[in-house]
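# What would the 3D arrangement of this be:
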Amino acid sequence: MMKSVILPVLALPFLVSPGALPAQSVAPGRWAVKSTAVDLDIPGAPKFLLRMAKGRSKTEEKCLTPDQAKTGIAAVLAPDPKAQCRVDGLQVAGGRYVQTLSCPQKKGPPLKIVREGTYQASGFAGQAQMQGMTPKGAMRIRLDQQATHVAGVCRG
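Numbers count the residues shown, from 1 in each chain. Just a heads-up that it's a prediction; the model follows:
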């Protein structure tokens, strides 16, 4: 049962806002956004599942059109609309970003996510701190994240 909690949670860090960033364009085409589980504190989850998940990575591939790429790193950070996360705040300046999100869960209050790190035209690197509630108590997860340009042509 906890597997169903852990795997969707690993997908959540990809859900960010395309807020107003300086128009430093990025390369169009395919991008890889990789998240690696660093710390997992999920009450009620079997310890062996948490040990198995720690250090595991999940990569989301995104495709940016030339018009999207002109908007800069915001295009790489854009959320998946299916997640229905609300952007509570976004600060981008001097090569650094900080973003706060509220993402709905099937049961209980929204999951709170704080993402921060550095960005440049070639991608971003940072961490996501997630906090939420499970039926057995407060949950905390920390992920390392990195985005890189993979190729100039999108798969169609």
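
# Would you mind listing the outside residues contacting the top strand by length along the chain?
What stands out as the longest strand in the chain, according to DSSP state E, is strand 137-151. Contacts to strand 137-151, defined as C-beta atoms under 8 Å, 6 or more residues apart in numbering, come from residues 5, 9-10, 13, 26-27, 29-44, 61, 76-77, 115, 117, 122-133. All C-beta atoms are positioned from the backbone trio N, CA, C, and that covers glycine.

# from these, which ones fall inside strands?
Using DSSP E, the subset of the contacts of strand 137-151 located in strands is 29-41, 61, 115, 117, 123-133.

# Which of these are buried? Put it as a PyMOL command.
A single PyMOL command selects the buried members of these (16 or more other C-beta atoms under 10 Å):
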select buried, resi 29+30+31+32+33+34+35+36+37+40+115+117+123+124+126+127+128+129+130+132
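
# just to revisit the earlier point, who does the longest strand of the chain pair up with?
Sheet pairing of strand 137-151 (DSSP bridges) gives strand 29-41 (antiparallel), strand 123-134 (antiparallel).

# In JSON lines: those, plus mean pLDDT.
Formatted as JSON lines, the strands paired with strand 137-151 follow (pLDDT from 0 to 100):
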{"stretch": "strand 29-41", "mean pLDDT": "95"}
{"stretch": "strand 123-134", "mean pLDDT": "94"}
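
# Would you mind putting the ones you listed into TSV with distance to residue 50 alongside?
TSV is the format used below for the strands paired with strand 137-151 (distance: least, C-beta to C-beta, whole Å):
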stretch	distance to residue 50
strand 29-41	5
strand 123-134	12
